[in-house]
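Chemist: model this:
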Amino acid sequence: MKRLLLALVLPLAVAGCGETQDTSLDRFQGEQRAVAQKVEDLEAAGQDRRPEDICSDILSRTVVDRLEAASTDCAAEMKKAIEDVDDYDLETRKVTVEGDQATAEVQQGADGPTTTMQFVREGDQWRAVSLNAN
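Modeler: Predicted coordinates:
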């Protein structure tokens, strides 16, 4: 299960960037903006060291259920992952929405690699099912 958590959260870490970019939300509207907002929410939860918010507001119920089925606590695991991160600097570059599924291409830091995050709609919210599909 730790491998799942590492695949979900740690690839988003960008150590020592030092600069904060402006929000990328202004580039998107409608459902694309809602997905980009989840990326912003992840960035804020990481920066503010709020693992509970990642579990309750960002990760899909399926991911949280998998963690619980493996006899681990989502918030405790997210706390460990956050503690390994020096800085979160995520810039949403592109969002594609197809029905109840979406992907977001997110650049890590000003010059960092691009990561693909996958989302699913749960009710009226977008939730992350994979934060690193590469």
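
Chemist: going forward, measure contacts between C-alpha atoms and count neighbours the same way
Modeler: OK.

Chemist: I figured Leu59 hits Arg121, correct?
Modeler: No. Under the criterion of C-alpha atoms under 8 Å, Leu59 makes no contact with Arg121, lying 11.0 Å away.

Chemist: between those two, what contacts are shared?
Modeler: Common contacts of Leu59 and Arg121 (C-alpha atoms under 8 Å, 6 or more residues apart in numbering): Arg127.

Chemist: Comparing the two, which shows the higher neighbour count?
Modeler: The residue with more neighbours, out of Leu59 and Arg121, is Leu59; 23 against 16, by other C-alpha atoms under 10 Å.

Chemist: In contact with Glu68, which residues?
Modeler: Counting by C-alpha under 8 Å, 6+ apart, Glu68 has contacts Cys74.

Chemist: Just the buried residues of the helix or strand where it lies, please?
Modeler: Under the criterion of DSSP states H and E, Glu68 resides in helix 61-69. For helix 61-69, the neighbour count (16 or more other C-alpha atoms under 10 Å) marks Arg61, Val63, Val64, Leu67 as buried.

Chemist: Kindly indicate which of those lies nearest Arg50.
Modeler: Val64 (15.6 Å; C-alpha to C-alpha).
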